[in-house]
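Q: Turn this into a structure:
(chains A, B and C)
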Amino acid sequence: MTRSGRVVLVLGGARSGKSSFAEKLSGETGLNRHYVATGRAFDAEMEERILRHQDDRGTGWITHETPLNLTANLRSIDSDDVVILVDCLTLWVTNLMMAEADISSASEGLLSYLRDTASTVILVSNEVGLGIVPDNRMARDFRDHAGRLHQAIAAVADDVFFVAAGLPLKMKG
Amino acid sequence: MTRSGRVVLVLGGARSGKSSFAEKLSGETGLNRHYVATGRAFDAEMEERILRHQDDRGTGWITHETPLNLTANLRSIDSDDVVILVDCLTLWVTNLMMAEADISSASEGLLSYLRDTASTVILVSNEVGLGIVPDNRMARDFRDHAGRLHQAIAAVADDVFFVAAGLPLKMKG
Amino acid sequence: MTRSGRVVLVLGGARSGKSSFAEKLSGETGLNRHYVATGRAFDAEMEERILRHQDDRGTGWITHETPLNLTANLRSIDSDDVVILVDCLTLWVTNLMMAEADISSASEGLLSYLRDTASTVILVSNEVGLGIVPDNRMARDFRDHAGRLHQAIAAVADDVFFVAAGLPLKMKG
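A: Below you'll find the model as predicted:
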């Protein structure tokens, strides 16, 4: 790695406070803040969730929406004076599955960018593998893809946090 | 906060040993022990689970059953010579949802009590947000309510533990 | 306990990297490596998962397949110059449930062996209790059996790890 930037992975469950924690970390860097949203509003419920997140985040962010072309978007922003908050990886994996994209190659592209980023990149993702094995194959495949991506990113990350009830637990760094 | 008491949050999965750990903490205080059960026996399985819990707990407890009016009940017991074990918050949230009660206002009431309690209050709750996104809206709403409540209580708590396989991990305190 | 060996429990979610971590621990002991697989290939997907695991593991292992008679198998290998990797306990519990075996007595047999093992035994298991309560009774019973077994083994283990995103968190030891 010839990275001058920094990579942080923030894992947590649903409504664990992982996004708020990642936003706080972003603010503490003092860098110019970019928010890269992977979510797409498929329905009213999703739209409501996205709007609530925007509201929580407040102003001072440059927002990008990138359901699929995450890495290209990150490369276009990349600079040593920015912090990029990606929220979240599990939605990106979902979008890639929906689009029947090649997930290994998309993941490898992201990892390759992270290995030599100039930016501070904070990636938020849902831990989804701690419940009962899901009934349907697609959900099992999704758990596998998400889990593998988390392991690969954690391996190259400077810091990894697990957030529960709004409290961060440092796993690495 | 003008609290003279103490607030402890114990989070964990199903059969993680969180209740036993909370009971052990309660015993160690040397205070008079009150057990506030939020569970209701809807069916034989639930009744069996409640009886098993009572059995595990042993004697020496004053037991209260309060599926809905948790905060009023806590206020009526409140005293600096008691420890109150609330088991569990997720069942309380379930009961509030079933009763179509206003969950934000009920949560705010509980938080307001916790901010100035004279008692040692130990609250047990299930972490439910670490599996696959549930299919149905009600389960997703439940995860949101539970997650938000956990974050809010963790923010005012003195100590927060995450229990897995009977082993407590201190997240705060 | 009159144990001369060592007992290690490795818990984690699906695709958390728990097996790889347990394999690394096994290799570090420098002992002769035995791999005890509890999984059975019911279908093509399961077969694929088993083959991928074998592939990840590499050579240098003596492999045993024991969907049900785990303890008898462990006793037959037991020796102070071996490390035994059991992967995984949740599949064993599933197999016992399918076979309508007496799970308490099977668990007690395993615990009794672990209390006086001469081997280094590393047990891998899935944490499955951190999602929404499952709809069906069998899945709830499975969570109960798995959770109780984890607590009992953690109580006798020298070391307990919780693995997320490939990173081990030491819970005990």
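Q: what number of residues lie near residue A:81?
A: By the measure other Cβ atoms under 10 Å in any protein chain shown, the count of residues near residue A:81 is 11. Every C-beta, even on glycine, is put in place using the N, C-alpha and C of the backbone.
Q: Go ahead and confirm it touches residue A:34.
A: No: Residue A:81 sits out of contact with residue A:34 when judged by Cβ atoms under 8 Å, with a separation of 10.7 Å.
Q: what's near enough to touch residue A:117?
A: Applying Cβ atoms under 8 Å, 6 or more residues apart in numbering or on different chains, one finds that residue A:117 lies in contact with A:3, A:4, A:5, A:7, A:74, A:78.
Q: cutoff 6 Å now
A: Residue A:117 is in contact with A:3, A:5, counting by Cβ atoms under 6 Å, 6 or more residues apart in numbering or on different chains.
Q: Low-confidence bits of chain A, can you list those?
A: Applying pLDDT under 70 to chain A flags residues A:1, A:41-42.
Q: Could you show which parts of it are in contact with chain B?
A: Contact residues (Cβ under 6 Å from any Cβ of the partner chain) of chain A with chain B: A:13-17, A:127-128, A:130-131, A:134, A:139, A:164-167.
Q: Select only the buried ones of those residues in ChimeraX?
A: Applied in ChimeraX, the following selects the buried portion of the residues of chain A next to chain B according to 16 or more other Cβ atoms under 10 Å in any protein chain shown:
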select /A:13,14,15,16,17,127,128,130,131,134,139,164,165,166,167
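Q: now the closest residue to residue A:64 other than its chain neighbours: how far from residue A:77?
A: Ranked by Cβ to Cβ, 6 or more residues apart in numbering or on different chains and with sequence neighbours excluded, the top spatial neighbour of residue A:64 is residue A:36, at 4.8 Å. As judged by Cβ to Cβ, to the nearest Å, residue A:36 and residue A:77 stand 8 Å apart.
Q: between the two, what contacts are shared?
A: By the contact definition Cβ under 6 Å, 6+ apart, residue A:36 and residue A:77 are jointly contacted by residue A:84.
Q: From the neighbour counts alone, determine which of these two ranks first.
A: A count of neighbours by other Cβ under 10 Å puts residue A:36 above the other of residue A:36 and residue A:77, at 22 against 15.
Q: Just grab the bridge partners of that one for me.
A: Judged by DSSP bridges, the bridge partners of residue A:36 are residue A:64, residue A:86.
Q: correct me, but it touches residue A:86?
A: Yes: counting by Cβ atoms under 6 Å, residue A:86 is a contact partner of residue A:36 at 4.7 Å.
Q: At which residues are the helices of chain A located?
A: According to DSSP state H, chain A carries its helices in the segments A:18-28, A:44-57, A:70-77, A:89-98, A:103-115, A:137-156.
Q: among the ones you listed, which is the most enclosed?
A: Most buried of those, by mean neighbour count (mean count of other Cβ atoms under 10 Å in any protein chain shown): helix A:89-98, with a mean of 21.
Q: which residues make contact with that helix from outside it?
A: A:38, A:39, A:67, A:68, A:70, A:103, A:106, A:123, A:125, A:126, A:145, A:146.
Q: out of these, who's nearest residue C:48?
A: Closest approach to residue C:48 among the contacts of helix A:89-98 (Cβ to Cβ): residue A:145, at 14.7 Å.
Q: which ones are touching the closest one?
A: So residue A:145 contacts A:93, A:103 (Cβ under 6 Å, 6+ apart).
Q: Please apply the same query to residue A:152.
A: For residue A:152, the contacting residues are residue A:111, by Cβ under 6 Å, 6+ apart.
Q: Now with 7 Å, please.
A: A:107, A:111 (Cβ atoms under 7 Å, 6 or more residues apart in numbering or on different chains).
Q: Can you give me the separation between it and residue C:34?
A: 29 Å.
Q: my read: residue A:158 touches residue A:5, true?
A: No: Residue A:158 is beyond contact range of residue A:5, at 9.1 Å (criterion: Cβ atoms under 7 Å).
Q: right, and residue A:129 touches residue C:17 too?
A: No: Residue A:129 lies out of contact with residue C:17 (Cβ under 7 Å); the separation is 10.4 Å.
Q: gap between residue A:161 and residue C:133?
A: 27 Å.
Q: Give me the more crowded residue out of the two.
A: More neighbours surround residue A:161 than the other of residue A:161 and residue C:133, with 23 against 18 (other Cβ under 10 Å).
Q: Could you check how far the more buried one is from chain C?
A: 10 Å (Cβ to the nearest Cβ, to the nearest Å).
Q: repeat for residue A:134
A: For residue A:134, the distance to chain C (Cβ to the nearest Cβ) stands at 9 Å.
Q: do residue A:136 as well
A: Counting by Cβ to the nearest Cβ, the gap from residue A:136 to chain C is 12 Å.
Q: what's around that residue, how many residues?
A: When neighbours are counted by other Cβ under 10 Å, residue A:136 registers 10.
Q: so who does it touch?
A: Contacts of residue A:136 by Cβ under 7 Å, 6+ apart: none found.
Q: just the one 3 residues further on next, same as before
A: When contacts are counted by Cβ under 7 Å, 6+ apart, residue A:139 is found next to residue B:132.
Q: and if you look at the one 10 residues further on?
A: Contacts were defined as Cβ under 7 Å, 6+ apart; by that measure residue A:149 touches A:89, A:93, A:107.
Q: rerun that using 6 Å as the cut-off
A: Contact partners of residue A:149, counting by Cβ under 6 Å, 6+ apart, are residue A:107.
Q: same thing with residue A:40?
A: The neighbourhood of residue A:40, defined by Cβ under 6 Å, 6+ apart, consists of residue A:67.
Q: Spatially, which residue comes closest to residue A:70, not counting chain neighbours?
A: In space, residue A:70 is closest to residue A:92, 5.5 Å off (Cβ to Cβ, 6+ apart).
Q: likewise residue A:5?
A: Of all residues not flanking residue A:5 in the chain, residue A:117 sits nearest, at 4.1 Å (Cβ to Cβ, 6+ apart).
Q: how much space is there between that neighbour and residue A:4?
A: From residue A:117 to residue A:4 the distance is 8 Å (Cβ to Cβ).
Q: Kindly report the same for residue A:55.
A: Using Cβ to Cβ, one gets 34 Å for the distance from residue A:55 to residue A:4.
Q: and what of residue A:48?
A: Counting by Cβ to Cβ, the gap from residue A:48 to residue A:4 is 39 Å.
Q: May I have the residues that are in contact with residue A:19?
A: Applying Cβ under 6 Å, 6+ apart to residue A:19 gives the contacts A:87, A:124.
Q: how near is it to chain B?
A: Between residue A:19 and chain B the distance, using Cβ to the nearest Cβ, works out to 11 Å.
Q: and the nearest residue to residue A:75 once chain neighbours are set aside, what does it touch?
A: Distances taken as Cβ to Cβ, 6+ apart put residue A:113 closest to residue A:75, at 6.0 Å, once the chain neighbours are dropped. Residues in contact with residue A:113, defined by Cβ under 6 Å, 6+ apart, are A:71, A:74, A:75.
Q: For chain A, list the residues in contact with chain C, please.
A: So far as Cβ under 6 Å from any Cβ goes, chain A lies against chain C at A:129-132, A:143-144, A:147-148, A:150-151, A:154, A:160, A:162, A:171-172.
Q: What is the nearest of those residues to residue B:28?
A: residue A:162 (27.4 Å).
Q: Show the contacting residues for that closest one.
A: The contact partners of residue A:162, by Cβ under 6 Å, 6+ apart, come to A:11, A:169, A:171, C:164.
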